[in-house]
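In: No sequence on hand, only this structure:
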């Protein structure tokens, strides 16, 4: 099983950019599809984006399509979420998730993203 550590969060003005990283250790990283989720105070955790094991396929929530880009570097065991044109409503704790069925999903500890007006 992998362990995940997110980084790259912070405070940014609306319209700005951030790049989040999800670094894995442990098991074979290329066995896992990796997704990003986010959670704002008082709201449920929601899907943001997912990338396939090889990186050949990505999928995005409608709210971030065209603004966020997901990529992965399997030799470095890292997934990157490039976030552009950030909006205040993107403010949340962002979580990385790794899945390799039938094993349980693995979550990172989260990284805070705050977008100011």
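Out: Perfect, I can see it now. A quick note: this is a predicted structure, and the numbers were derived from the prediction, not measured. Residues are numbered from 1 along each chain as shown.

In: use CA for all of it now, contacts and neighbours both
Out: Noted.

In: Now do the same contact list for residue 51.
Out: By Cα atoms under 8 Å, 6 or more residues apart in numbering, the contact list for residue 51 reads 33, 34, 35, 57, 58, 59, 70, 71, 72.

In: Repeat the analysis, applying 7 Å as the threshold.
Out: When contacts are counted by Cα atoms under 7 Å, 6 or more residues apart in numbering, residue 51 touches 33, 34, 35, 57, 58, 59, 70.

In: For it, report the pLDDT, please.
Out: Model confidence at residue 51, given as pLDDT, is 97.

In: Now it: closest residue in space that isn't a chain neighbour?
Out: Leaving aside its chain neighbours, residue 51 sits nearest to residue 58 (4.4 Å; criterion: Cα to Cα, 6 or more residues apart in numbering).

In: Please name the bridge partners of residue 21.
Out: With DSSP bridges as the criterion, residue 21 is bridged to residue 7, residue 80.

In: again, but for the one 4 residues further on
Out: Residue 25 has these beta-bridge partners by DSSP bridges: residue 3.

In: what's the distance between it and residue 106?
Out: Separation of residue 25 from residue 106 (Cα to Cα, to the nearest Å) stands at 12 Å.

In: Run a quick neighbour tally on the residue nearest to residue 51.
Out: 16 (other Cα atoms under 10 Å).

In: show me what contacts it?
Out: Applying Cα under 7 Å, 6+ apart to residue 58 gives the contacts 50, 51, 52.
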